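S.K.: Could you look at this predicted model? Sequence included:
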Amino acid sequence: MPHRVMSTLTVDATVEGVMPGLGMAYLVGDDHRDWTVTRSTHGVGLESLKPGQRVHLTVEQHKRFAVVCDYAAAT
């Protein structure tokens, strides 16, 4: 049974760490939640992220979980 998207929201976040060997980056959102983007997450590209950088996350809220589906550098 597919998971239905309940809503989509935008979260501003700060990159905490980038682990290119593992293909992921950790971020802390202004919503006081921790987020992860991976090499397969649509966005500006994991290799362009640097600790301390600000990004905009597009988050799909499902019934029991939330997933970053896109990210872009904040300007």
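M.R.: All right, it came through fine. Numbering: from 1, shown residues only.

S.K.: what bits of the protein have low per-residue confidence?
M.R.: 1-3 (pLDDT under 70).

S.K.: and with 80 instead?
M.R.: Counting by pLDDT under 80, the ranges of the chain that qualify are 1-3, 5, 75.

S.K.: The single longest strand found in it: what's the following helix or strand?
M.R.: Taking DSSP state E as the criterion, the chain has its longest strand at strand 7-19. Counting by DSSP states H and E, the next helix or strand C-terminal to strand 7-19 is strand 24-29.

S.K.: Now do the same contact list for the closest residue to residue 25 other than its chain neighbours.
M.R.: Distance criterion C-beta to C-beta, 6 or more residues apart in numbering; nearest residue to residue 25, sequence neighbours excluded, is residue 18 at 4.4 Å. Glycine gets a C-beta too; all of them are placed from N, C-alpha and C. Applying C-beta atoms under 8 Å, 6 or more residues apart in numbering, we find residue 18 in contact with 24-25, 46, 49-51.

S.K.: Can you flag the buried ones in the residues you listed?
M.R.: Buried by 16 or more other C-beta atoms under 10 Å: 24-25, 46, 49, out of the contacts of residue 18.

S.K.: Export the residues you listed as TSV, with columns for distance to residue 10.
M.R.: Shown next, in TSV, are the buried ones among the contacts of residue 18 (distance: C-beta to C-beta, whole Å):
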residue	distance to residue 10
24	21
25	18
46	20
49	17
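
S.K.: Return the member of the residues you listed nearest to residue 64.
M.R.: Distances from residue 64 to the buried ones among the contacts of residue 18, taken as C-beta to C-beta, are shortest for residue 24 (21.6 Å).

S.K.: Enumerate every residue touching the closest one.
M.R.: Contacts of residue 24 by C-beta under 8 Å, 6+ apart are 18, 36-39, 46.
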